[in-house]
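S.K.: build me a structure from this.
(2 chains)
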Amino acid sequence: MKVATYEGIVENGNVKLPDGIHLPESIRVYVVVPDAEPRRIVHLRSPRLVHPEQAKDFIKEVIEEETDAGL
Amino acid sequence: MPAYNASLFDPPAPLAHVTLRIPDNGPSLSGVPMLLDSGADVTLVQRSSVNQLGAILDPDTTYEVYAFDGTVTFAQSVELDLGFLDRSFTGRYLITDEDVGILGRDILNLVSLVLDGPRLFWSEETSVQA
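M.R.: Residues are numbered from 1 along each chain as shown, chains lettered A, B, ... in the order given. A predicted model of the protein is given here:
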């Protein structure tokens, strides 16, 4: 497999190649990202109670906490 | 004003840092990150934080919860004080193994918040009309 390497930058989610570089349409490309650490994305899923009547178990007692107004 | 978090969430999400405390003047842990999640029925706190506090989980009760994709799991619970917006919310909380907790509607429905998405800030609404 012949390989050609170009340096580009990512702008708005798209890889922008240097001026004058034109690749054939539909050609397969491979992107190598130097020194990149994968972003750690948290995937929390909005949990719902299977038994909604249990929501009463989670009613909170609310107390206003005193703040140090002078500080 | 508290900022959205763009390093853990994509798109950025409103994150609060709360204080967890064992009721009746027990030890406390501040700076605990919690996602403001109005889609969550109830609040979930991180197991790691609960362990750090030394809080005792309720050994007798588990709760069935399902995610938006229908996945059903069982969650344990614990009695805690949660400090948020100069208030203490005392009661039962579910446990999550995630690194970030979830502030659900059992708490969010007790406060008035403004989510300023374009500027990636959130704050308490202080001029709510009755």
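
S.K.: when you work out contacts or count neighbours from here on, use the C-alpha atoms and nothing else.
M.R.: OK.

S.K.: give me the neighbour count for B:P27.
M.R.: 13 (other CA atoms under 10 Å in any protein chain shown).

S.K.: which residues of chain B lie near chain A?
M.R.: B:7-10, B:37-42, B:63-68, B:72, B:86-93, B:98, B:100, B:106-107 (CA under 8 Å from any CA of the partner chain).

S.K.: repeat the analysis, applying 7 Å as the threshold.
M.R.: For chain B, the residues in contact with chain A (CA under 7 Å from any CA of the partner chain) are B:8-10, B:37, B:39-41, B:64-68, B:86-93, B:106.

S.K.: strands along chain A, start to end?
M.R.: Assigned by DSSP state E, the strands in chain A fall at A:9-11, A:14-16, A:48-49, A:61-64.

S.K.: now, the residues of chain B next to chain A that are in strands?
M.R.: Counting by DSSP E, those place B:64-66, B:87-93 in strands.

S.K.: ok, and the closest non-adjacent residue to A:E64?
M.R.: Nearest residue to A:E64 in three dimensions, chain neighbours excluded: B:R87, at 4.4 Å (CA to CA, 6 or more residues apart in numbering or on different chains).

S.K.: what is the burial count for that neighbour?
M.R.: Around B:R87 there are 17 residues (other CA under 10 Å).

S.K.: phi and psi next, for the residue nearest to B:L36 when sequence neighbours are not counted.
M.R.: Using CA to CA, 6+ apart and skipping the chain neighbours, the partner closest in space to B:L36 is B:L103 (5.0 Å). Per-residue torsions, B:L103: phi -90, psi 110 (degrees, to the nearest 10).

S.K.: residues contacting B:L103?
M.R.: Counting by CA atoms under 7 Å, 6 or more residues apart in numbering or on different chains, B:L103 touches B:34-37, B:43-44.

S.K.: which one of those residues is nearest A:P52?
M.R.: Set against A:P52, the nearest of these by CA to CA is B:T43 (14.0 Å).

S.K.: hang on, the closest one packs against B:V100?
M.R.: No: B:T43 is not in contact with B:V100 according to CA atoms under 7 Å; the separation is 11.4 Å.

S.K.: below-threshold pLDDT in the chain: ranges please.
M.R.: Since no chain was named, I'll use chain A. A:36-44, A:67-71 (pLDDT under 70).

S.K.: meant chain B, my bad for not saying
M.R.: Low-confidence segments of chain B, defined by pLDDT under 70: B:128-130.
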